[in-house]
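Student: got a sequence here, can you model it:
(one chain, ligands or ions: 1)
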Amino acid sequence: MLLTIKVKLLTNQEHHDILLKTMERFNDACNYISAVAWENQRFGKIGLQKILYYDVRELFGLSAQMTVRAVGKVSESYKIDDRKQHHFRHHGATVYDKRILSPKGADRVSILTLEGRILVPVVYGEFRKLDKKRIRGQADLVYIKNVFYLMLVIDLPDDELMKNPDGTLGVDMGIVNLAVTSDGEVFSGDKCTKSRQKYTTLKKRLQPVKTWNAKKHLKRISGKERRFKKDVNHCIAKQIVKVAKDTHRMIALEDLGGIRKSGHTVSKGLRTSIGKWAFYELGMYIQYKAQMAGVPVSFVDPKYTSQQCSECGFISKGNRKNQSEFVCLECGHSENADVNAAKNISFRVDVNRPIALRSSGLKEESWKGRPTTLVVGS
Ligand SMILES: [Zn+2]
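Tutor: The predicted structure is shown next:
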């Protein structure tokens, strides 16, 4: 499985300036290449390289490999759409590959600039222990709010995937209880919610005060809150994956949209809806921690998981007495509502095993060439 991770570069002023200059020059070159490509209506990488290689090197002072990458970036973008001329942003991504970017030790990368290679510290965060040989293909250097990040594609092993799991651990994700398993184990969002409330009150008090200090304080709080939520999600994901691995079971999650399909980017709608974002993040963490542990993950249709009786299959809104209680109007089965939902999620995989396995995204087309993005160290 391919996963794109976002790694922060800890640049000093000197590094920052030369990387930015390199980025600008790279995109200038892309715009030049794009104009020539458009004029000649030639978009193939090899053909463009033949016409432009020496020109670009001389005009923009790019290294041989960087020139090849600039031609590649332009050619790729015309592959998607060649009906109009493409223009590249001044601070659009610089494309790197193994020849011009390499990890050095545990926490630095060597990266080529207009003035030769520089060594820059990076924050791998969660992926610190990852074998750097797993970094694949090209990497984009991006510039967001004055900070440089590398989008690295890593290849997580899936050959050590669990064979013939003994059933499925269903996980229901929610706002009150962040996650509940079909075993009945509850991972409460209590702590998280409380802390959110605390920060919200603080924020309210600070918001009317428009001084520089208050703004700074506000910024610090939202960062803190964000990191806290992230930690909670990491911690829950880790525990759930451990339970599944220890009991030799696969994991089933609801396909809430966005978790499986969003690919590179997270839509703004998803980002701004706190609830959905929390699901998305937790789902992502479960997915990639499971992948690292060789535990298969399956996604099921979320329809009626909360209204269906896990004992007799009867579906009704009326089965749900309130937020936390489930009582079946047909058979009388009563249970915590989230546990009932988690059981349904788990059943849906067991019933449709072959289909579910196919849709697990671990081997089939759903993942092929569509790396998932996790935000690390930001
Ligand atoms: Zn029932």
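Student: list the beta-bridge partners for the nearest residue to K73 once chain neighbours are set aside.
Tutor: Once flanking residues are discounted, K73 sits nearest to V95: 5.1 Å by Cβ to Cβ, 6 or more residues apart in numbering. Yep, even glycine has a C-beta here, placed from its N, CA and C like the rest. With DSSP bridges as the criterion, the beta-bridge partners of V95 are D140.
Student: residues near V95, how many?
Tutor: 20 (other Cβ atoms under 10 Å).
Student: mind checking how far it is from V120?
Tutor: To V120, V95 is 17 Å away according to Cβ to Cβ, to the nearest Å.
Student: one step back: where does the residue nearest to K73 land on pLDDT?
Tutor: At V95, the pLDDT value in this model is 95.
Student: can you verify my assumption that it contacts G137?
Tutor: No - counting by Cβ atoms under 8 Å, V95 stays clear of G137, with 10.3 Å between them.
Student: run through this structure and note the low-pLDDT ranges.
Tutor: Within the chain, the ranges that satisfy pLDDT under 70 run 1, 126-129, 157-159, 189-215, 217-222, 256-278, 350-378.
Student: contact residues of it facing the ion?
Tutor: Counting by Cβ under 5 Å from the ion, the chain comes close to the ion at C309, E311, C312, F314, C328, E330, C331, H333.
Student: neighbour-wise, give me the winner out of those residues.
Tutor: Highest neighbour count within these, by other Cβ under 10 Å: C309, with 23 neighbours.
Student: can you give me the distance of it to D82?
Tutor: C309 sits 55 Å away from D82 when distances are taken as Cβ to Cβ.
Student: could the residues of the chain next to the ion go into CSV alongside distance to L141 and secondary structure?
Tutor: Shown next, in CSV, are the residues of the chain next to the ion (distance: Cβ to Cβ, whole Å; DSSP: H, G, I helix; E, B strand; the rest coil):
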residue, distance to L141, secondary structure
C309, 53, coil
E311, 55, coil
C312, 56, coil
F314, 55, coil
C328, 56, coil
E330, 59, coil
C331, 59, coil
H333, 56, coil
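Student: now do stretch 108-120: everything it contacts.
Tutor: Identification of contacts with stretch 108-120 by Cβ atoms under 8 Å, 6 or more residues apart in numbering yields 9-11, 15, 18-19, 21-22, 25, 61-63, 65-66, 96, 100-104, 121-122, 141, 150.
Student: extract the C-alpha trace of that stretch and format it as CSV.
Tutor: Extracted C-alpha coordinates of stretch 108-120, given in CSV (Å, rounded to 0.1, in the frame of the first residue of the first chain):
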residue,chain,number,x,y,z
ARG,A,108,17.7,14.9,8.0
VAL,A,109,17.5,15.0,4.2
SER,A,110,20.0,16.0,1.7
ILE,A,111,18.2,18.1,-0.9
LEU,A,112,19.5,19.8,-4.1
THR,A,113,19.1,23.6,-4.6
LEU,A,114,20.4,26.1,-7.1
GLU,A,115,23.5,26.3,-4.9
GLY,A,116,24.2,22.6,-4.5
ARG,A,117,23.0,20.2,-1.9
ILE,A,118,22.0,21.3,1.6
LEU,A,119,21.3,19.2,4.7
VAL,A,120,18.0,20.0,6.3
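Student: tell me the gap between it and the middle of its chain.
Tutor: 26 Å (Cα atoms, centre = their mean, to the nearest Å).
Student: ditto for stretch 326-344
Tutor: How far stretch 326-344 lies from its chain's middle: 33 Å, per Cα atoms, centre = their mean.
Student: same check, this time on stretch 80-100
Tutor: How far stretch 80-100 lies from its chain's middle: 22 Å, per Cα atoms, centre = their mean.
Student: one more: stretch 288-299?
Tutor: Taking the mean of its C-alpha atoms, stretch 288-299 sits 15 Å from the chain's own mean (Cα atoms, centre = their mean).
Student: same question, stretch 139-156
Tutor: Mean-position distance between stretch 139-156 and its chain equals 12 Å (Cα atoms, centre = their mean).
Student: go through it and flag the buried ones.
Tutor: Buried residues in stretch 139-156, counted by 16 or more other Cβ atoms under 10 Å: A139, D140, L141, V142, Y143, F148, Y149, L150, M151, L152, V153, I154.
Student: ok, now stretch 231-241?
Tutor: Result for stretch 231-241 [16+ other Cβ under 10 Å]: buried residues V232, N233, H234, I236, A237, Q239, I240, V241.
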